[in-house]
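Visitor: With the sequence up front, the predicted model follows.
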Amino acid sequence: MAVFAEINESNIVVRVIVVADEYDSDVAGSAWCADFFGGGTWVRTAEDGSIRANYAGPGHTYDSVNDVFIEPKPYPSWTLDTERYKWQSPVARPDGGSLLSWDEDTLGWVSDI
């Protein structure tokens, strides 16, 4: 099974579909998707992030220069780690705090309990 993301003119993922194993290459799968759905741009993705840095989802951006999918930016203060293509908070998340959330007003992690 292979998974492909449809990309719009703004390089935003609009949907993600699964195709049969026989279309598991970038070329064959994108061609099949374009034929079946009537055009569009289709890019392969992998659930484990093993290709194109991240698993594509609706609303994600496809960076064609670096050939990666990038999740939507979660907070204005966060920056993109361009080695892993993951968003990073300006303050590292404390270890052992499983019930923490980011507070953009204070630019820090706060307890949810």
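Guide: Received it, and whenever you're ready, just let me know what you need. Residues are numbered from 1 along each chain as shown.
Visitor: end-to-end on stretch 81-91?
Guide: This stretch, stretch 81-91, spans 14 Å end to end (Cα to Cα, to the nearest Å).
Visitor: Show me which parts of it are buried, residue by residue.
Guide: Tyr85, Ser89 (16 or more other Cβ atoms under 10 Å). C-beta: built from backbone N, CA, C; applies to glycine.
Visitor: And stretch 51-66, by the same measure?
Guide: Neighbour-count burial for stretch 51-66 [16+ other Cβ under 10 Å]: Ile51, Arg52, Ala53, Asn54, Tyr55, Ala56, His60, Thr61, Tyr62, Asp63.
Visitor: Kindly report the same for stretch 9-22.
Guide: Buried residues in stretch 9-22, defined by neighbour count with 16+ other Cβ under 10 Å: Val13, Val16, Val19.
Visitor: what's the closest of the residues you listed to Asp35?
Guide: Nearest to Asp35 out of those is Val19 (Cβ to Cβ; 11.2 Å).
Visitor: and that closest one, what are its bridge partners?
Guide: Beta-bridge pairing of Val19 under DSSP bridges involves Ala2.
Visitor: where's it relative to Pro72, distance?
Guide: Applying Cβ to Cβ, to the nearest Å, the value for Val19 to Pro72 is 25 Å.
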